[in-house]
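Provided below are the primary sequence and the corresponding predicted coordinates.
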2 protein chains.
Amino acid sequence: MRVFEGGSGSITMPLGFLAAGVRAGIKEQGEDLALIFSDRPASAAGVFTRNVVKAAPVLVDAKRLPRTTARAVVVNSGNANSCTGDAGLQDALRMGREVANRLGVAEEDVLVASTGIIGERLPMEKITDGIERAASSLRRDGGADAARAIMTTDTRPKEAGVELSLGGANVKVGAIAKGAGMICPNLATMLTFITTDAAVAPGQLQGCLAQSVEKSFNCLTVDGDSSTNDSVIILANGAAGSRLIDSRIPDLDGFQEALDFVAASLAKQIAQDGEGATKLIQITVQGARSFEEARQVAKTVANSPLVKTAMFGRDPNWGRVLAAAGRAGVDFDPTAVDLSFGPVPLVRGGEPLDFSVAQAQEVLSKPETNVLIKIGQGPGSATVWTCDFSYDYVRINAEYHT
Amino acid sequence: MRVFEGGSGSITMPLGFLAAGVRAGIKEQGEDLALIFSDRPASAAGVFTRNVVKAAPVLVDAKRLPRTTARAVVVNSGNANSCTGDAGLQDALRMGREVANRLGVAEEDVLVASTGIIGERLPMEKITDGIERAASSLRRDGGADAARAIMTTDTRPKEAGVELSLGGANVKVGAIAKGAGMICPNLATMLTFITTDAAVAPGQLQGCLAQSVEKSFNCLTVDGDSSTNDSVIILANGAAGSRLIDSRIPDLDGFQEALDFVAASLAKQIAQDGEGATKLIQITVQGARSFEEARQVAKTVANSPLVKTAMFGRDPNWGRVLAAAGRAGVDFDPTAVDLSFGPVPLVRGGEPLDFSVAQAQEVLSKPETNVLIKIGQGPGSATVWTCDFSYDYVRINAEYHT
């Protein structure tokens, strides 16, 4: 298995996929409309926000997935088409229909995503023009353009890819994402699009995707807020000529591993690029009774503003970490907790060790900090990614005005 | 019913209570040891942190309450006696024993509380000296000194009181609190002490206190972190000569109302004094299926860093409020949501209204902002208090070094 992180053009690395990213004029500047196209019908699956407030494109896609005949995904940045009522739903449907007409595919085989300002109608004329231009500029090497066109407040595009031998063929998985920092205008979104030339039936694809999401995007938190638009969509078009990936080991394991890799890589890239972030924080909880309990403790620590500001201030503040872990709603014995920051143990058996503050501060000065919390002897462990909380987070989020 | 907010000396307003606040030298400066004494045995009850990591004094008090014969509460600031293992537990017990010896009461009739740095042993010599001085300076008008001595990062003491006619007598309820802003050193705590000269049996007192806490301190959030030391303790000594307050209406209702008032007043004062806070935010959710669901939605909005930074930036960002409400884990119809900031309606039926941004910004410029969210037609409503998130919050919490 060869893996690529932060590469360029990942999404068109698998055979049979073309992409484009163009400027439609929705954002103030830059490309803001992406199109991903499969030259043959693809299995498709999706996982969407659990927020009860769901944007129009999410409502459209959730009805269309999983399916066997998907052909394209169209994405705009700059406007989320959220809280726009029935008119917004019609806009989302029309956005898909315009793509279908341009590409000569069925309307329902097109998936739609949006990210950006909420509560405003999509500028449909610009969208339509953009779709026309994107359709005519689809290219085998258009993946990097698409990765850029879905960005909002991201400071860099996010890509990951895997190449592996699977089901008797050389198979590729490519993925792009845009970030979860919540920001101007109003609210941002986590969007991820994955392509593969493996052959996978939709039900299987949905199961594999859900499993990857559980250990990647659902282990990611920038500020605890989840958006009305969050979507992860995968297309598998079988163009590599592999046999069908079904429940047979080791095919399924190999595919799951590849999917897990791109999803986790993108989740980490998103945390790293969180608004105002100066460092990536990786929090691992071990010894819980289950993965779910481990993740709940890790997420509570990751969402604690006190922990995040301490990390920004390079303060080895173990007390804040323990206190956050303790209020996660998971029962554990506080006198059996061990805690370390990178290689520096800070707490053993619930009591502070006599650690070197200078050494701990050095750990916290690096661009990536690992926090390890052992809460018992159970089999459950989980890793969660987040970033620190800086002055810039407040500036970015307070200074934007609706 | 006469009510006092932010008064002075509330805790010694009820008959039969004396108090003192002295400097023991635990903090860098100022009074840091408080003593509250009842001249006769008092019913006592307490509500404590649900954090699984509990400080030593919490473990001690939780065993002693409720009881019929409480006589004193001793509180130090500057050191939380938390994550200090068995040695810390012995220190907490000794702190109570020193008070008992000085005052000639039974050891188990003394309650203990601590707030401040965690993971360090109490300076027992200073504590013992402080207790000696506090015991000899107990006064009928010592309430204000006690209110000051329990402060850590609070910028002002927090007091509230009620005088009412109850059970055939003129009864008083007095209360002091220290704030919930989480800060240097490590972690702060919400401590509240309530005195009353009404006669109430411990079981009844526990029930009334739990009910008041549910709608006050459990509706308060500064940054979502709850401490290892949070405690609310009440003493009722019957010195007013009222008949026993039991389940009889209207006595019980009157007492509950008084308790609700002081608890809610202190919760608001704490939110107002949150670290770096520039404004108090009162979030009311109506139309939920239950109080619990309403509170859950309100708390999720109150804890959203995006909402709190928008409030700091005076940004009428209704989208962040809706998105936070939507991820609270409570099911509601997003197309039936109404939202207003003070008198300005922003959203009706889930879609934005054409509101005046200038008018909304004016609402957000005041020291107190009311956010009203209607999520349906149910009978459940709840109000939660919080504060905004400013640069100062990050500064205070990032610049402190362990």
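Looks like it came in fine.

make it CA atoms for all contacts and neighbour counts henceforth
Noted.

phi, psi of A:R348?
phi -130, psi 130 (degrees, to the nearest 10).

the bottom helix or strand of chain A by mean pLDDT?
helix A:391-399 (a mean of 74; mean pLDDT, DSSP states H and E).

got the angle for that one vs helix B:391-399?
170 degrees (axes from the mean of the first three to the mean of the last three Cα atoms, to 10 degrees).

report all helices and strands that helix A:391-399 contacts.
On a contact count with 3 or more Cα pairs under 8 Å, 6 or more residues apart in numbering or on different chains; DSSP states H and E, helix A:391-399 meets helix B:305-312, helix B:391-399.

give me the contact list for the last one.
So that's helix B:391-399. Applying Cα atoms under 8 Å, 6 or more residues apart in numbering or on different chains, the external contacts of helix B:391-399 come out as A:306, A:309-315, A:389-391, A:394-395, B:182-184, B:275-277.

buried ones in stretch A:325-344, by neighbour count?
Using 16 or more other Cα atoms under 10 Å in any protein chain shown as the test for burial, stretch A:325-344 gives A:325-328, A:330-332, A:334-335, A:337-342, A:344.

return only those of those found close to chain B.
Counting by Cα under 8 Å from any Cα of the partner chain, A:326-328, A:331-332, A:334-335 from the buried residues of stretch A:325-344 sit close to chain B.

and the residues you listed as a markdown table, adding distance to B:G21?
Formatted as a markdown table, those follow (distance: Cα to Cα, whole Å):
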| residue | distance to B:G21 |
| --- | --- |
| A:G326 | 31 |
| A:R327 | 31 |
| A:A328 | 35 |
| A:D331 | 37 |
| A:F332 | 37 |
| A:P334 | 32 |
| A:T335 | 33 |
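
from those, which land in helices?
Judged by DSSP state H, these include A:G326 as members of helices.

quick one: A:V344 from chain B, how far?
Computed with Cα to the nearest Cα, to the nearest Å, the distance linking A:V344 and chain B is 15 Å.

an error on my part: the question was meant for A:V171.
Counting by Cα to the nearest Cα, the gap from A:V171 to chain B is 37 Å.

can you check A:I36 too?
A:I36 sits at a distance of 28 Å from chain B (criterion: Cα to the nearest Cα).

can the ones next to chain B among the buried residues of stretch A:325-344 go into TSV with extra columns for pLDDT?
As requested, those are exported to TSV (pLDDT from 0 to 100):
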residue	pLDDT
A:G326	92
A:R327	88
A:A328	92
A:D331	95
A:F332	96
A:P334	93
A:T335	93
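
just the element for A:E132, please.
Assigned by DSSP states H and E, A:E132 belongs to helix A:124-136.

how about the CA coordinates for that helix, as PDB?
Extracted in PDB, the C-alpha atoms of helix A:124-136 (Å, rounded to 0.1, in the frame of the first residue of the first chain):
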ATOM      1  CA  MET A 124     -28.300  30.600  -9.500                       C
ATOM      2  CA  GLU A 125     -27.100  32.600 -12.600                       C
ATOM      3  CA  LYS A 126     -23.500  32.400 -11.500                       C
ATOM      4  CA  ILE A 127     -23.900  28.800 -10.500                       C
ATOM      5  CA  THR A 128     -25.300  27.900 -13.900                       C
ATOM      6  CA  ASP A 129     -22.600  29.700 -15.700                       C
ATOM      7  CA  GLY A 130     -20.000  28.100 -13.500                       C
ATOM      8  CA  ILE A 131     -21.400  24.600 -14.100                       C
ATOM      9  CA  GLU A 132     -21.200  25.300 -17.900                       C
ATOM     10  CA  ARG A 133     -17.600  26.200 -17.700                       C
ATOM     11  CA  ALA A 134     -16.700  23.400 -15.300                       C
ATOM     12  CA  ALA A 135     -18.400  20.800 -17.500                       C
ATOM     13  CA  SER A 136     -16.400  21.900 -20.500                       C
END
